[in-house]
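*Asks:* missing the sequence, but the structure's below:
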């Protein structure tokens, strides 16, 4: 009797082996399902990114055409074509310069995580003193808000 002591009942070892086999099959199935879902998500994300790139390209073309139209509008108002195009180009250069200045000001005002760096340094120093056996500085700094 290969099934067990009581005839048709499987042994504990056989039950564990069957459960292990079923669990392994379940995990493989779940991994395959996850791969399929991720592949579909990646395709959708790639398609969406391509659509955004195409929209950005078309917007760039529209800006170029609007610039030409603005210059020809100045020509229609009586200016020489060269002067009209220079005025439009100058306006865009001025807008670009203003954006650069605003960007520089925002970058200068951006700061790093100063408090985090400070408390990290204090924690490292406290851990170093614990490692050296110095108990008077062994207390770790609190992470509470300081004023």
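*Replies:* Sure thing, it's come through. Only a predicted model underlies this, so the values are computations on that prediction, with no experimental measurement involved.
*Asks:* Tell me where this protein has helices.
*Replies:* For the chain, applying DSSP state H gives helices covering 12-76, 81-109, 114-131.
*Asks:* JSON lines please, covering those and showing mean pLDDT and mean neighbour count.
*Replies:* Yep, even glycine has a C-beta here, placed from its N, CA and C like the rest. Output for the helices of the chain, formatted as JSON lines (pLDDT from 0 to 100; neighbours: other C-beta atoms under 10 Å):
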{"stretch": "helix 12-76", "mean pLDDT": "91", "mean neighbour count": "11"}
{"stretch": "helix 81-109", "mean pLDDT": "95", "mean neighbour count": "11"}
{"stretch": "helix 114-131", "mean pLDDT": "80", "mean neighbour count": "12"}
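*Asks:* State the phi and psi torsions of residue 79.
*Replies:* Main-chain torsions, residue 79, degrees, to the nearest 10: phi -80, psi 160.
*Asks:* okay but it is in contact with residue 85, surely?
*Replies:* No. Using C-beta atoms under 8 Å, residue 79 is not in contact with residue 85; the gap is 9.5 Å.
*Asks:* For residue 70, give its distance to residue 33.
*Replies:* Distance of residue 70 to residue 33, given as C-beta to C-beta, to the nearest Å: 55 Å.
*Asks:* same question, residue 97
*Replies:* From residue 97 across to residue 33, the span is 54 Å (C-beta to C-beta).
*Asks:* same thing with residue 99?
*Replies:* From residue 99 across to residue 33, the span is 48 Å (C-beta to C-beta).
*Asks:* and if you look at residue 9?
*Replies:* Computed with C-beta to C-beta, the distance linking residue 9 and residue 33 is 34 Å.
*Asks:* now do residue 121
*Replies:* With the distance defined as C-beta to C-beta, residue 121 ends up 47 Å from residue 33.
*Asks:* next one: residue 79
*Replies:* Distance, residue 79 to residue 33, using C-beta to C-beta: 67 Å.
*Asks:* ditto for residue 104
*Replies:* Applying C-beta to C-beta, the value for residue 104 to residue 33 is 50 Å.
*Asks:* do residue 126 as well
*Replies:* On the measure of C-beta to C-beta, residue 126 and residue 33 end up 48 Å apart.
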